[in-house]
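Trainee: Need the 3D shape of this:
(one chain, ligands or ions: 1)
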Amino acid sequence: MSLQVDAISVELGGRLVLHDVDLTVDASEQVGLIGPNGAGKTTLLRSLLGLLPLRSGAITINGRTPAEARGTIGYVPQRHEFVWDYPVDVRTAAMTGRTHHIGWLRRPRKADHAAIDQALERVDLTDLARRPIGELSGGQRQRVLVARALAVQPKLLLLDEPFTGLDVLTQEILTRLFKNLTAEGTAILMTTHDLPAAADTCSRLCLLNETVVADGPPDELRDPAVWLRAFGVARSEQLLHSLGVTR
Ligand SMILES: Nc1ncnc2c1ncn2[C@@H]1O[C@H](COP(=O)(O)OP(=O)(O)OP(=O)(O)O)[C@@H](O)[C@H]1O
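Mentor: Predicted structure coming up:
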C-alpha cells in the first residue's frame, strides 16, 4: 500500500483551502495529521476519499485514483457527522461500511457477514451487536465507526479525530487496535488535536496549515518555530509545553 499526494490544491466555496500539499503514507505507517482548526485536515481526508474535486495536483493510492481505490479505504468521520438517531442496530450500522462491496439494494452475502463479525470482534462490540445505535455511549459509538471502517478490511485507514471525548480505557483499546493494524500492514492517517498522544503513537507527524509546514518523525520535529508556524501563532507557552519542545 502506498498513498501519494502530489502538490494538490483544493478550493471550497471559491476559497483555496489547501495548496501545494505533498504527502506520502506507506504500508505499516501511522501518520498524525496535526494543525489548528480550519487548517484543512478534514478537507484533505475527504480529498483522499475522492469526495472533493482537486483544483490541481494528483492523489494515487497503490497507483489508482481515490475513486478507484475507494473499496480499500476505511474512513472514520468525526462522531457528530454520523446520524445516530437512525433506527438501526450496531451490526447494521457497521454493515453500511460495506455498501461499496455489497452493491446498492443487494443483500449482504456470507463474506460480508464474516467481515462484520471480525470488525465487531476487533473493537469489542460483539456483545452489543443488536443494540440500537441511538442507545450507545460516546465511546461505544466511536467503536461502531471504527468497526464500520474495518468492514472493508482496509489497506488505508483514515481517521478524523478518533480520540476526541473518549475515556482513557477506550483510547487504550483503540490505540492498541491501530498498532495491531499497522503491524498487519495497514497504513493509517489520523487527524488529532491531542498532540502529546500523537507524538507518542505516530511514527510520523505531518503539520498542516493549508499546506504542509513540516513532516517527519516526532523526534525530528523539535524546532519550536515549526510548531508555531503550523499553528499560526507567534508564541504559545501551552502549545510548546504540551509537546515538551525545548525552547
Ligand atoms: N463546504 C465548504 N464550503 C466552503 N468552505 C468550507 C467548506 N468546508 C470547509 N470549509 C472551510 O475550509 C477550511 C478547512 O476546513 P476543514 O474542516 O478541512 O479544517 P480542519 O483542519 O479539519 O478543522 P477542525 O480542526 O476544526 O476540524 C475552513 O476554513 C472551513 O471553513
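
Trainee: Please count neighbours and contacts with C-alpha atoms only from this point.
Mentor: Noted.

Trainee: mind checking which helix or strand of this protein has the lowest mean pLDDT?
Mentor: Ranked by mean pLDDT, DSSP states H and E, the weakest helix or strand in the chain is helix 237-243, scoring a mean of 74.

Trainee: In three-state terms, label Glu11 for me.
Mentor: Following DSSP: H, G, I helix; E, B strand; the rest coil, we place Glu11 in the strand state.

Trainee: Which pLDDT value does the model give it?
Mentor: Per-residue pLDDT puts Glu11 at 97.

Trainee: which residues touch it?
Mentor: 17-18, 54-55 (C-alpha atoms under 8 Å, 6 or more residues apart in numbering).

Trainee: Grab the longest helix from this protein for me.
Mentor: helix 168-183 (DSSP state H).

Trainee: residues of that helix that come out buried?
Mentor: Buried residues in helix 168-183, defined by neighbour count with 16 or more other C-alpha atoms under 10 Å: 170-171, 174-175, 178-179, 181-182.

Trainee: Show me what that helix is packed up against.
Mentor: For helix 168-183, the elements it packs on are strand 187-191, judged by 3 or more C-alpha pairs under 8 Å, 6 or more residues apart in numbering; DSSP states H and E.

Trainee: Tell me the strands beside the strand it packs on, with direction?
Mentor: Strand 187-191 has the following sheet partners, assigned by DSSP bridges: strand 30-34 (parallel), strand 156-160 (parallel).

Trainee: right, quick check: the first one against the ligand, any contact?
Mentor: No - no part of strand 30-34 sits close enough to the ligand to count as contact by C-alpha under 6 Å from any ligand atom; the gap is at least 8.1 Å.

Trainee: what angle sits between that strand and helix 168-183?
Mentor: Here strand 30-34 runs at an angle of 120 degrees relative to helix 168-183 (axes from the mean of the first three to the mean of the last three C-alpha atoms, to 10 degrees).

Trainee: CA atoms only for the least confident helix or strand of the chain, dumped as CSV, please.
Mentor: Only the C-alpha atoms of helix 237-243 are listed here, as CSV (Å, rounded to 0.1, in the frame of the first residue of the first chain):
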residue,chain,number,x,y,z
GLU,A,237,3.7,28.6,26.0
GLN,A,238,1.0,25.9,26.4
LEU,A,239,1.5,24.5,22.9
LEU,A,240,5.3,24.1,23.3
HIS,A,241,4.9,22.9,26.9
SER,A,242,2.4,20.2,26.0
LEU,A,243,4.8,19.0,23.3
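
Trainee: Run the chain-centre distance for the longest helix of the chain.
Mentor: Offset of helix 168-183 from its chain centre (C-alpha atoms, centre = their mean, to the nearest Å): 13 Å.

Trainee: Now tell me what touches it from outside.
Mentor: Applying C-alpha under 8 Å, 6+ apart, the set of residues contacting helix 168-183 is 27-30, 122-123, 139, 163, 187-188, 201.

Trainee: Could you pick out the residues of this protein near the ligand for me?
Mentor: 12-13, 17, 36-43.

Trainee: okay, those in CSV with secondary structure and neighbour count next?
Mentor: Shown next, in CSV, are the residues of the chain next to the ligand (DSSP: H, G, I helix; E, B strand; the rest coil; neighbours: other C-alpha atoms under 10 Å):
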residue, secondary structure, neighbour count
Leu12, strand, 12
Gly13, coil, 6
Val17, strand, 19
Pro36, coil, 17
Asn37, coil, 11
Gly38, coil, 11
Ala39, coil, 21
Gly40, coil, 22
Lys41, helix, 26
Thr42, helix, 20
Thr43, helix, 19
